[in-house]
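Participant: Structure for the following, please:
(one chain, ligands or ions: 1)
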Amino acid sequence: HLRVASSSLIPVGDPTLLLTTAGMVQFKPYFAGDTTPPSLRLTSSQKSFRTPDIDIVGDATHNTMFEMLGNFSIGDYFKEEAIAFALEFLTHNMGLPKDRLYATIYLDDDEARELWIQAGVPDERIFRFGDQDNWWGPAGLEGPCGPCSEIHYDGGAEKGCGPMLEPDALTALLREERDTGVEAVIQGCHPNCDCERFVELWNLVFMQFYQDPQRNRTPLPAPSVDTGLGLERMAAVLQGKSSVYETDLFWPIVEKACQLSGKTYGHDHETDYALRVVVEHARASSFLIGDGVVPGNEGRGYVLRRIIRRAIRYGRRLGLDQPFLAELA
Ligand code: SER
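Facilitator: Numbers count the residues shown, from 1 in each chain. Alright, predicted model coming up:
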């Protein structure tokens, strides 16, 4: 794969998108066949920002700003190689045990199920989900999209909420939900469960369609692949940490926030939550400002203003004064 530098957090030439949300954003014209890529196989580590997650930042895993590692096939390889490459990278290069890896697939994607089994992930660790979890895109009002398959890391049954659900039982529930429109009542643990057992590591998108602003889907010039692996979550798994904030990517900023506030991390839930908000938003603001965003009343300027204000609010709970954000940044 040809290494491509991260693009700016401000998307270039895409008025439908406020901020860069994924590695594929800078490659949208390649997938659509509008411009010719420098290679049919690309890879990048992309600065990404997600506004829907602002109000949940402070938990163990969500960030507004994160770095997304990805490999991309522009009409070159498809599902089989994408699955094989991801498993090889996680087990061989990163050294994760294969029996800790679970796969999710789109409700009707029998081909992906066969390929995961062929690659050595047994049926009992393959779970099907619907549009909400296993269909990706488009980014913005239009663009490529398709069914996806995610790799989740199992942190161990002791972190879970109880016995695992049988994959077939979950599939039956979700198919009924789709047919009847009545929300399924899911009892039992599974890779997308809200408990702390699983971490979603990597999303493999099998890009097949271009969705226009009227939501019409037409086939892409060629089936393609877009993957996204969160650097921060990968670091947490590799460093054996239960949150991204305890990894070496965030810990020096946490220590600085503790030093400025006189608080310690790891003793009190509310203090830890506030420290995580302050630290994440300080880092994210620095990246936004570095890419040219200025606080304002609308658009991306308003996003920056929101996270600065949220950081200040939580900072006050820690007894910090306003200049602390500049110190952390
Ligand atoms: N675009 C997909 C995502 O953001 C994979 O990179 O999850």
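
Participant: Could you report the pLDDT at the closest residue to Tyr273 other than its chain neighbours?
Facilitator: Closest residue to Tyr273 apart from its sequence neighbours, by CB to CB, 6 or more residues apart in numbering: Gly58 at 4.6 Å. Yep, even glycine has a C-beta here, placed from its N, CA and C like the rest. Note for Gly58: predicted pLDDT of 95.

Participant: Pick out the residue in the stretch 201-329 of the chain sitting closest to the ligand.
Facilitator: Gly228 (2.5 Å; CB to the nearest ligand atom).

Participant: secondary structure class for that residue?
Facilitator: strand (DSSP: H, G, I helix; E, B strand; the rest coil).

Participant: and it, what is it in contact with?
Facilitator: Ala22, Gly23, Met24, Met68, Leu69, Gly70, Trp202, Asn203, Val205 (CB atoms under 8 Å, 6 or more residues apart in numbering).

Participant: ok, what's across the strand from the residue nearest in space to the middle of the chain?
Facilitator: For the chain, the residue sitting closest to the mean C-alpha position, by CA atoms, centre = their mean, is Gly230 at 5.6 Å. Counting by DSSP bridges, Gly230 is bridged to Met68.

Participant: Touching, it and Met68? I think so.
Facilitator: Yes - counting by CB atoms under 8 Å, Met68 is a contact partner of Gly230 at 6.4 Å.

Participant: of all the contacts of Gly228, which comes closest to Asp133?
Facilitator: Asn203 (9.9 Å; CB to CB).

Participant: returning to that earlier point: how much space between the residue nearest to Tyr273 and Leu318?
Facilitator: 12 Å (CB to CB, to the nearest Å).

Participant: so where's the stretch 101-250 of the chain uncertain?
Facilitator: Of all residues in the stretch 101-250 of the chain, none has pLDDT under 70.

Participant: So which bits of it are right by the ligand?
Facilitator: Trp136, Asn203, Val205, Asp226, Thr227, Gly228 (CB under 6 Å from any ligand atom).

Participant: Now distance to Asp194 too, for those, in a markdown table please.
Facilitator: Shown next, in a markdown table, are those (distance: CB to CB, whole Å):
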| residue | distance to Asp194 |
| --- | --- |
| Trp136 | 20 |
| Asn203 | 18 |
| Val205 | 23 |
| Asp226 | 26 |
| Thr227 | 24 |
| Gly228 | 21 |
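
Participant: So which of the residues you listed wins on neighbours?
Facilitator: Asp226 (30 neighbours; other CB atoms under 10 Å).

Participant: if I read this right, that residue contacts Gln26, doesn't it?
Facilitator: No - using CB under 8 Å, Asp226 is not in contact with Gln26; the gap is 11.3 Å.

Participant: The stretch 51-200 of the chain: helices as residue ranges?
Facilitator: Counting by DSSP state H, counting those that start in this stretch, the stretch 51-200 of the chain has helices at residues 79-88, 110-118, 131-134, 167-180.

Participant: Can you tell me which of these is most buried?
Facilitator: helix 79-88 (a mean of 18; mean count of other CB atoms under 10 Å).

Participant: hang on, the earlier thing: run through the residues that contact the residue nearest to Tyr273.
Facilitator: Counted by CB under 8 Å, 6+ apart, Gly58 has contacts Tyr273, Ala274, Arg276, Val277, Glu280, Tyr314.

Participant: any idea how far it is from the ligand?
Facilitator: Here the criterion is CB to the nearest ligand atom, to the nearest Å. By it, Gly58 lies 22 Å from the ligand.

Participant: for Met65, same thing?
Facilitator: Taken as CB to the nearest ligand atom, the span from Met65 to the ligand is 14 Å.

Participant: Check Ser8 too.
Facilitator: The value you get for Ser8 to the ligand, if CB to the nearest ligand atom is used, is 17 Å.

Participant: Can you give me the neighbour number for Gly299?
Facilitator: For Gly299, using other CB under 10 Å, the count is 11.

Participant: for Lys159, that is, sorry about that
Facilitator: So Lys159, with other CB under 10 Å, has 14 neighbours.
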